[in-house]
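*Asks:* quick one: sequence and predicted model below, then my questions.
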Amino acid sequence: MIDTHCHLADRRFDRDRAQVFERAHIAGVTHFIEIAHAPEIVPRAHALAREHPNLFLCVGVHPGEAAAVPADYLEVLRDHARHARVVAIGETGLDFYRNRAPREAQERWFRAQIALGDELGLPLVIHQRSALEETLAILEETRPAAGGVLHCFDDGLTAVGRARSLGFKLGIGGVVTYGHPALDDAVRDAPAEMLLLETDAPYLEPEPRTARRNEPALLGRVLARLAALRGWSAEETDRITGENARELFRLPIAGGALPPSGSA
């Protein structure tokens, strides 16, 4: 399995990060995309990438950080995004639920990152909360050339169709185990080539929830629910979502058995 969205540089993993990676590999998670969504996280994410050859990076400005990041950070972000291990820009988008930054600042950084993705040929990792219509409207206006993924997808069939027309994929994580009928229908009917696995660790632990943090070792719970909704075997689900991840992020890894983190 490929975890296409996690935050393993988060301080909540400081005490047992090595064990988190070990548990993930035992569970069958072999590759990770680490989301470095704020300036202070990027150095820690790069350090993780140096330690783990099977970890790739996504760099950007989360909408909640949009008011705190100086305008000249875009040049710094451009330099970060040119690193060989960076495979995407983000997570970027709009969050009108928490409203931790003014909406105009969120949109300004969203549009700047769309342009940066186009400039560098990188896909986008999209965060939206209580802002689906506004987010999709900007994406439909700008038509990002390299596509991207709607992270933490929790919407219905209409959003699937609009995402497909943009060349976007759907990040399927712990929310799919929570029993939302509209999401279940969307996941059942979405084109197979749109589906990706993700955890968003340490957030959004899949059922059965324990009120503890999420981690990549629990990605199998998401795979099992996706397989049940689609009527696929676990092996087929792993193969399809893995192919989708490699295609979107241009991951330099082959299908089938993948080497453990730390292998040459």
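*Replies:* That came through, no problem.
*Asks:* strands along the stretch 101-250 of the chain, start to end?
*Replies:* According to DSSP state E, counting those that start in this stretch, the stretch 101-250 of the chain carries its strands in the segments 124-129, 148-150, 168-172, 195-197.
*Asks:* what's the closest of those strands to V86?
*Replies:* Each of the strands of the stretch 101-250 of the chain was scored for nearness to V86 using C-beta to C-beta, and the closest is strand 124-129 (11.4 Å). All C-beta atoms are positioned from the backbone trio N, CA, C, and that covers glycine.
*Asks:* show me what that closest one is packed up against.
*Replies:* Where contact means 3 or more C-beta pairs under 8 Å, 6 or more residues apart in numbering; DSSP states H and E, strand 124-129 is packed against strand 86-95, helix 103-120, helix 132-142, strand 148-150.
*Asks:* of the strands of the stretch 101-250 of the chain, which stretch is the most buried?
*Replies:* Most buried of these by mean neighbour count (mean count of other C-beta atoms under 10 Å) is strand 148-150; its value is a mean of 29.
*Asks:* got a list of contacts for stretch 174-184?
*Replies:* For stretch 174-184, the external contacting residues (C-beta atoms under 8 Å, 6 or more residues apart in numbering) are 152-157, 187, 199-200, 204-207, 214, 218, 221-222, 225-226, 229.
*Asks:* low-scoring stretches of the stretch 101-250 of the chain, by residue?
*Replies:* In the predicted model, the stretch 101-250 of the chain carries no residue with pLDDT under 70.
*Asks:* which parts of the helix or strand H46 falls within are buried?
*Replies:* Secondary structure from DSSP states H and E places H46 in helix 42-51. Taking 16 or more other C-beta atoms under 10 Å as the basis for neighbour counts, the residues of helix 42-51 that come out buried are V42, R44, A45, H46, L48, A49.
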